[in-house]
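Asks: What would the 3D arrangement of this be:
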Amino acid sequence: MCRVVDLRQAVLAKNDATAHTLRAELAARGTAVVNLLSSPGSGKTALLERELLLARERSVPVAALTADLATENDAARLARSGVPVKQVLTDGLCHLEADMLGGHLDGWLPDDTRLLFVENVGNLVCPASYDLGETLRVVLASVTEGEDKPLKYPTAFGLAHLVVVTKTDIAEAVEFDEAAFRANVQQVNPGVEVVLTSARKDRGLGALLDRAIAAADGAPVHSPVMARQQDGHGHTHAHGHAHGDHADHDDGHPHAHPDGTGAMAQTRS
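Replies: Residues are numbered from 1 along each chain as shown. A predicted model of the protein is given here:
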């Protein structure tokens with residue numbers, strides 16, 4: 001007789017516990033985590049660099065940790081802001097996990113850090129299911145990605161506390177339909193705020209920093225309906241991918257399941 005064991009659920013449960021502990025430890029030292037999710041090429045790094053510069057100008061102690069499968073290009077760009085920056089290479093893993101984040105913070109994160117911005121791996125599938133102990137979860141999408149992005153990736157957008165639209169300086173050129181995008185966001189995440197930005201033209205500059213500071217100071221963040229429906233324990237993430245999330249995997253790499261095979265593991269009893 002075979003007994004099917006979903007190792008993915010076990011991995012996520014372990015991650016939940018680690019994230020809960022990490023969140024408490026960081027809160028005790030006065031640090032809030034902002035988890036940034038997006039597809040590759042969304043303009044996430046460009047916007048974050050500007051926000052870090054602004055934080056430094058405002059004397060807000062911030063740091064940034066950026067994750068990629070390879071290269072340290074994003075860390076080099078973010079370091080131009082003058083704030084502490086660390087690159088994490090995941091060696092093919094398509095997302096960060098709470099224990100990975102915690103391990104990289106030991107001995108690196110300055111004690112007075114008020115905000116830690118985490119630039120997750122460019123991918124809207126895997127990172128959506130992993131709590132990093134964040135206070136604020138932000139999903140970014142550029143105007144070039146299409147108005148139906150929230151419908152294609154309902155878990156990522158449906159669990160966001162804030163949605164940021166980037167590259168709005170070219171919205172007219174690519175015929176971006178803002179009303180349609182907003183409607184699609186509201187369909188998967190009713191009530192979530194949508195912020196329009198352009199790192200090139202300074203549109204919306206400071207909005208992300210302002211929302212992060214407010215959350216760090218204890219202001220209530222948006223409570224996604226999907227999170228309340230999927231998890232009755234107050235977690236802010238899903239324990240699985242909503243239907244349709246795997247239809248278009250943006251990072252070009254196969255999704256790494258916890259058993260390493262892309263399928264649920266089986267054990268015999």
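Asks: Over to the residue nearest to residue 58 when sequence neighbours are not counted. Which of the three states is it?
Replies: Among residues not flanking residue 58 along the chain, residue 209 sits closest, at 7.7 Å (Cβ to Cβ, 6 or more residues apart in numbering). Where you see a C-beta, it was placed from the backbone N, CA and C, and this is true even at glycine. Assigned by DSSP: H, G, I helix; E, B strand; the rest coil, the conformation of residue 209 is helix.
Asks: For residue 209, give its distance to residue 117.
Replies: 9 Å (Cβ to Cβ, to the nearest Å).
Asks: again with residue 221
Replies: Distance check for residue 221 against residue 117: by Cβ to Cβ, it reads 16 Å.
Asks: same question, residue 96
Replies: In this structure, residue 96 and residue 117 are separated by 13 Å, where distance is defined by Cβ to Cβ.
Asks: so what does the longest helix seen in the chain touch, helix or strand wise?
Replies: The helix spanning the most residues in the chain, taking DSSP state H as the definition, is helix 7-28. Based on contacts counted as 3 or more Cβ pairs under 8 Å, 6 or more residues apart in numbering; DSSP states H and E, the elements that helix 7-28 packs against are strand 32-38, helix 98-105.
Asks: just how off-centre is that helix within its chain?
Replies: A distance of 16 Å separates the C-alpha centroid of helix 7-28 from that of its chain, computed with Cα atoms, centre = their mean, to the nearest Å.
Asks: Report the angle between that helix and helix 98-105.
Replies: Regarding helix 7-28 and helix 98-105, their directions subtend 40 degrees when assessed with axes from the mean of the first three to the mean of the last three Cα atoms, to 10 degrees.
Asks: Please say which of residue 96 and residue 117 ends up with more neighbours.
Replies: Of the pair residue 96 and residue 117, residue 117 is the one with more neighbours under other Cβ atoms under 10 Å, namely 26 against 23.
Asks: Correct me if wrong, but that one is in a strand.
Replies: Yes. If the criterion is three-state DSSP, then residue 117 is within a strand.
Asks: so it touches residue 36, yeah?
Replies: Yes. Residue 117 lies in contact with residue 36 (Cβ atoms under 8 Å); the separation is 6.4 Å.
Asks: any common contacting residues for these two?
Replies: residue 48 (Cβ atoms under 8 Å, 6 or more residues apart in numbering).
Asks: Tell me how far residue 20 lies from residue 132.
Replies: Going from residue 20 to residue 132 by Cβ to Cβ gives 11 Å.
Asks: more neighbours, these two?
Replies: residue 132 (27 against 16).
Asks: wait, what's in contact with the more buried one?
Replies: Under the criterion of Cβ under 8 Å, 6+ apart, the contact partners of residue 132 comprise 19, 22, 33, 35, 96, 97, 98, 101, 118, 120.
Asks: Can you check those residues and name whichever has the most neighbours?
Replies: The contacts of residue 132, ranked by neighbours (other Cβ under 10 Å): first place residue 120, 29 neighbours.
Asks: How about it: what's its closest non-neighbour residue?
Replies: For residue 120, ignoring the flanking residues on the chain, the nearest one in space by Cβ to Cβ, 6+ apart is residue 127 at 4.5 Å.
Asks: what secondary structure does the one you found sit in?
Replies: Three-state assignment for residue 127 (three-state DSSP): helix.
Asks: where does the stretch 101-250 of the chain have low pLDDT?
Replies: Low-confidence segments of the stretch 101-250 of the chain, defined by pLDDT under 70: 230-250.
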